[in-house]
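> Structure for this input, please:
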Amino acid sequence: MPDENWENENTRDGKGGKETPPVEEASLNSKLSEYENDLKRLQAEFENYRKRVEKERKDWFENGKAHAMKGFLVLADEFEAAKQHSANADAKSLAKGIELLDAKLHGAFKSFKIEEIKCEGHVDASLHDVLMQAEGGKEGEIAQVIRKGYRMGEAVLRHAQVSVYSGAKKEEEKKQEADKPPEKEEENAGIGEKGEENAGIGKKAEAEKTGSKPEEKKIVDENKQ
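Prediction:
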């Protein structure tokens, strides 16, 4: 009869536990292989899903562009007709034709919910690009629209380019500076007065030296002649 102690020692693993039976180990390996196959299948399905979504996104984008351009094909026809009749049309007819084209253009904008950005009151950095300043007015308010801007819903298609007022305070300061006489002219005037004063002093000293006044000297010179 085999020794029980020897059998127990040889059926334990290195950590003091019993060794895994061969049948149980085979079952675990089978489940592990099954999990790996499931993971690979899910990975392949996700990759196919990603490619499909990417393709659909591109198709939607292209279809959107095509739908948008259909609204402008009518304008292209109108411009072509205007070009053909412009040679024989007078100024009044041309102006009326341009008004009709402009109305149809804004009609196409309206169909896509595209609207012009308002440029009134105080400047809004999210809607306006400030290119220059104009003197006077209330500081920060829009003075002039340089180029119109457009938006589609909440999305800004193009910012409006504007000029803004610098404020009335700066205008008053400029007026005060204009009214103020230049300092150089005052200095030059002072120098001129001082020069005349020095010239008078010189003439007086010369008269005292000769013992006669400037007018008397002039009379004496005439008598000598």
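
> Which elements pack onto whichever helix in the chain runs longest?
Longest helix in the chain, counting residues (DSSP state H): helix 22-85. Packing partners of helix 22-85 (3 or more C-beta pairs under 8 Å, 6 or more residues apart in numbering; DSSP states H and E): helix 91-111. Every C-beta, even on glycine, is put in place using the N, C-alpha and C of the backbone.

> Report the buried residues of the helix it packs on.
Residues 97, 104, 108 are the ones in helix 91-111 that count as buried (16 or more other C-beta atoms under 10 Å).

> List just the nearest of those residues to K65.
Proximity of the buried residues of helix 91-111 to K65 (C-beta to C-beta) peaks at A108, which lies at 14.4 Å.

> For the nearest residue to that closest one once chain neighbours are set aside, give me its contacts.
Among residues not flanking A108 along the chain, G71 sits closest, at 4.4 Å (C-beta to C-beta, 6 or more residues apart in numbering). Applying C-beta atoms under 8 Å, 6 or more residues apart in numbering, we find G71 in contact with 108, 111-112.

> got these as TSV, with distance to N29 and pLDDT columns?
Below are the contacts of G71 laid out as TSV (distance: C-beta to C-beta, whole Å; pLDDT from 0 to 100):
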residue	distance to N29	pLDDT
A108	68	87
S111	65	86
F112	62	87
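
> could you dump the residues you listed to CSV with distance to Q144?
Below are the contacts of G71 laid out as CSV (distance: C-beta to C-beta, whole Å):
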residue, distance to Q144
A108, 27
S111, 30
F112, 28
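
> Any regions of this protein where pLDDT drops low?
1-23, 168-225 (pLDDT under 70).
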